[in-house]
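Chemist: sequence and predicted model, in that order:
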Amino acid sequence: MKLRKFRFYVETEPGLLQRRETEAQAIEELTRLAPELRRHYGRLWGRAETAPIRGAEGARNYKRVLALGGGLPAFEAVGLAPAEIVVVDFAADVYEQALPVFRATYPGGPRVRYIAGDLRDADLDDGYDAITFCHVLEHLDIADATAILAKAAATPADVFVYGPNADGAYQDTWMHLLPVHEHVWLAGLGWTRKWAEKATGRTAKAAFAHDEDLFVWLPAAKPEPVKALDPEAADPEAADPEAAEPQAAESAPTRNSGRSKRGAKAAK
């Protein structure tokens, strides 16, 4: 008898369906989804709204990216094209085994390094140019999600939020409402933008819906350019040579013009 196989469940013996939670089944699912995800993120990063990020004038240079709960970091690899992606994920061991799938899908892509652990305990301030939350915040309690967004905003990195867009939820069969995804909460684009801006203290430079998802970019403030000093403004005497001439009558202190050394020492 041939056992039945579904996307999220598998018949382990006749009449018994179980969640597909083994490493082999997870890698099989990631392999199946890889081409679809590449097309999905290709459309996302091809949109006009992402032009300032992906290469237009004034674009940021993302060399190191921290992907919190990033799994196989397709979002980051396609759009930010960094040299290195560090992924913090509680299932890092599974995703690390699936790296051949990632490398086959994105040949010549960035280095990927995995750290197993809770993203709430991750070190966010380690020289990253961008911190991404791709389909992960909705798996945390809102209080924890808010706190980690604020923590990310305390670094000089750009912050990206990408996840399900609840504006598209009209019936129980909507894909992101399926219990198998184990989402704690879901929100629409407008709510997410306001919430993320409040949590980070930043202004979203891009926020839009894409397919069944939403995208919010919260860039760090660019440092003000250092202005070249005007030598004359820095040294007024250089502009007026006569001002540099000592004037003995004015500059020489009188005997009673200030504290004595003994008085100054006593005042300390």
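Modeler: The structure has been received and is ready for your questions.
Chemist: let me know the secondary structure of the residue nearest to the spatial centre of the chain.
Modeler: Taking C-alpha atoms, centre = their mean, the centroid of the chain lies closest to Ile131, which sits 2.0 Å from it. Taking DSSP: H, G, I helix; E, B strand; the rest coil as the rule, one finds Ile131 in the strand state.
Chemist: where does it land on pLDDT?
Modeler: Note on Ile131: pLDDT of 97.
Chemist: please name the bridge partners of it.
Modeler: In this entry, Ile131 is beta-bridged to Leu66, Val159, by DSSP bridges.
Chemist: distance check, it against Lys205.
Modeler: Look at Ile131 and Lys205: by C-beta to C-beta, to the nearest Å, they are 15 Å apart. From N, CA and C alone the C-beta is placed, and that goes for glycine too.
Chemist: now for Val216, how many residues are close by?
Modeler: 23 (other C-beta atoms under 10 Å).
Chemist: neighbouring strands for the helix or strand harbouring it, and are they parallel or not?
Modeler: Assigned by DSSP states H and E, Val216 belongs to strand 213-218. Using DSSP bridges, the strands paired with strand 213-218 are strand 158-164 (antiparallel), strand 206-210 (antiparallel).
Chemist: most packed of those?
Modeler: strand 158-164 (a mean of 24; mean count of other C-beta atoms under 10 Å).
Chemist: my guess is the residue nearest to the centre of the chain meets Phe160, correct?
Modeler: Yes: with contact defined as C-beta atoms under 8 Å, Ile131 reaches Phe160; the gap is 7.4 Å.
Chemist: residues contacting the nearest residue to Leu189 once chain neighbours are set aside?
Modeler: The spatially closest residue to Leu189, leaving aside those adjacent along the chain, is Leu214, at 4.6 Å (C-beta to C-beta, 6 or more residues apart in numbering). Residues near Leu214 by C-beta atoms under 8 Å, 6 or more residues apart in numbering: Val161, Tyr162, Gly163, Pro164, Asn165, Asp167, Gly188, Leu189, Thr192, Ala207, Phe208.
Chemist: for Leu72, what are its contacts?
Modeler: By C-beta under 8 Å, 6+ apart, the contact set of Leu72 is Leu30, Ala34, Tyr95, Ala98, Leu99, Val101, Phe102.
Chemist: nearest to Glu11, out of the strands paired with strand 213-218?
Modeler: Nearest of the strands paired with strand 213-218 to Glu11, taken as C-beta to C-beta: strand 158-164 at 28.5 Å.
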